[in-house]
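Chemist: the following comprises the amino acid sequence and a computationally predicted model.
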Amino acid sequence: MLKRHARTACTALAAAGLLLAGTGGATADSAPAAPSAAATLRTADAPPELLAAMRRDLGLTPTQAKARLAHEAEAGAMAARLRDRLGAAFAGAWVDGADAATLTVATTRAADTAAIRATGARPRLVTRALADLDSAKAALDRAATAGTPVRYVDPRSNTLVVEEAEPGAAARLLAATGTDAALVTVVRTAEAPRPLYDLRGGDAYYMNGSGRCSVGFPVTKGTVNGFATAGHCGRAGTTTSGFNQVAQGSFQASVFPGNDMAWVAANAQWTSTPYVKGSGGANVQVTGSVLQPVGASVCRSGSTTGWHCGTIQQHGTSVTYPEGTISGVTRTTVCAEPGDSGGSYLSGSQAQGVTSGGSGDCSGGGTTFFQPLNPILSAYGLTLKVTGSDPGPGPGPGEPEPGGTWRAGTVYAAGATVTYGGASYRCLQGHQAQPGWEPPNVPALWQRL
């Protein structure tokens, strides 16, 4: 454990996304097309600080970075629709290429490949469904030790990967759980993941006047301002002071291990802002919390090492720290160091999660894990502070509100269903709803049933 104390490029993919969404172009007898995923997530508005970090860490020019962000947004929406369509045969999806323009979707059913190809995605026929590999991983998670510190499903290889820190540890784990070795790829590792110890995302805060962590994302709960962060940074009742050592607030709830989530309620001196600290201290806006797919770019802000970028390697990873196992975290290629724990992960302007732990450093590189943000918002009833929300046209004068079960501020997981305006919709990508993101307006997030 580490403690710290005291546009052209987008055309084909966007067109495929619109095909899946069923929006097409407007005609004289139809309503205007709903916005694409890239428009919904405002990838064209990526701030200079984010683009600069993507140039440094991913070798992308600003034009290439914007194209990649747009491709990732469209691919995420497309993959979500295909996952819904394929059902139990779905075996994962990922993006490839420097511009993330290639989306691959795996299935166990040969009859699905033509339908996948018709959307513009690349099909891959495999033998194991994602749900089956997830089930096998859950069994390993219950018996894992520090000898097998990291476990995740790799859709590219269609296997369950077990990282082995001690010779024979993976074999012992498989034997103890009765797991078929054919499902598993064993990777030797010298890394030992640990929590990265040490109101704007990425700013430092101090716990009980000593240890230091980083603010994840500013939030509100009713009239209370605060922020989401990592659970290992403090327990309920732990007091905090801000980057300037001024009294700030206290932890209201915390979970670690199991998950790595917490939130801090701030006192009246502190106000939540919709920003993350970028390069040179500049503000980087946060506009939502749509989780991006494997292969997508992601950037992190932390109070020790500042801005660094990389890519998402796997979702749903399990990590065994010395204190115990946490599950449901996302594995990334972004580096981090002590004091960065709790800090913000962004993909474009979409909040992804808070830094949990990892290995390596920002000199030689490393692997880090983040606790996804949406489960934190949902668990504690928090509202992410966002900027640039467009409330949309709304009902006309004298017209009734649409009604239904959809509510702004609710965290919706993929597969959730709501009603709105007399129609039913299924959530395609997990996110916290906000004004302007009503189901009919965002086909990248909602599918009409």
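Modeler: Nice, thanks for sending it over.

Chemist: what residue ranges in the protein score low on pLDDT?
Modeler: For the chain, residues meeting the criterion pLDDT under 70 lie at 1-32, 196-198, 388-401.

Chemist: just give me the longest helix of it.
Modeler: helix 62-86 (DSSP state H).

Chemist: tell me what it is packed against?
Modeler: helix 11-21, helix 37-40, helix 48-58, strand 90-96, strand 102-107, strand 297-302 (3 or more Cβ pairs under 8 Å, 6 or more residues apart in numbering; DSSP states H and E). All C-beta spots, glycine's among them, are computed from the backbone N, C-alpha and C.

Chemist: winner for burial among those?
Modeler: strand 297-302 (a mean of 29; mean count of other Cβ atoms under 10 Å).

Chemist: each with direction, which strands does that strand pair with?
Modeler: strand 306-321 (antiparallel), strand 344-347 (antiparallel) (DSSP bridges).

Chemist: Leu86 contacts Ala111, doesn't it?
Modeler: No. When contacts are counted by Cβ atoms under 8 Å, Leu86 is not listed as touching Ala111 (10.2 Å).

Chemist: quick one, which of the two is more surrounded?
Modeler: Leu86 (21 against 8; other Cβ atoms under 10 Å).

Chemist: and the gap between the more buried one and Leu125?
Modeler: Using Cβ to Cβ, to the nearest Å, Leu86 is found at 12 Å from Leu125.

Chemist: which residues do the two both contact?
Modeler: Contact criterion Cβ atoms under 8 Å, 6 or more residues apart in numbering; residues shared by Leu86 and Leu125: Thr107.

Chemist: what would the helices and strands packed on helix 62-86 look like in a markdown table with distance to Ser254?
Modeler: Written out in a markdown table, the entries for these read as follows (distance: least, Cβ to Cβ, whole Å):
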| stretch | distance to Ser254 |
| --- | --- |
| helix 11-21 | 39 |
| helix 37-40 | 33 |
| helix 48-58 | 29 |
| strand 90-96 | 32 |
| strand 102-107 | 37 |
| strand 297-302 | 19 |
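
Chemist: quick check: which of these is nearest to Pro443?
Modeler: In terms of Cβ to Cβ, the element of the helices and strands packed on helix 62-86 nearest to Pro443 is helix 11-21, at 3.6 Å.

Chemist: follow-up on the earlier one: between the longest helix of the chain and strand 297-302, how many degrees?
Modeler: 110 degrees (axes from the mean of the first three to the mean of the last three Cα atoms, to 10 degrees).

Chemist: and helix 62-86, which residues are buried?
Modeler: Neighbour counts over helix 62-86 (16 or more other Cβ atoms under 10 Å) mark 64-83, 85-86 as buried.

Chemist: one more: stretch 362-373?
Modeler: Cys362, Gly366, Thr367, Thr368, Phe369, Phe370, Gln371, Pro372, Leu373.

Chemist: residues contacting the last one?
Modeler: Same thing as Leu373. Leu373 is in contact with Gly216, Phe217, Ala228, Ser289, Ala351, Gln352, Gly353, Val354, Leu384, counting by Cβ under 8 Å, 6+ apart.

Chemist: quick one: Ala33 is in a strand?
Modeler: No. Ala33: not assigned to a strand; according to DSSP: H, G, I helix; E, B strand; the rest coil it is coil.

Chemist: what sits opposite the residue nearest to Gln245 when sequence neighbours are not counted in the beta ladder?
Modeler: Excluding the flanking residues, the one nearest Gln245 by Cβ to Cβ, 6 or more residues apart in numbering is Tyr206, at 6.8 Å. According to DSSP bridges, the residues that bridge with Tyr206 are Arg212, Ser241.

Chemist: correct me if wrong: Tyr206 contacts Ser214.
Modeler: No. Contact criterion Cβ under 8 Å: Tyr206 and Ser214 do not qualify, at 10.8 Å.

Chemist: between those two, point out the one with more neighbours.
Modeler: More crowded of Tyr206 and Ser214, by other Cβ under 10 Å: Ser214, with 33 against 21.
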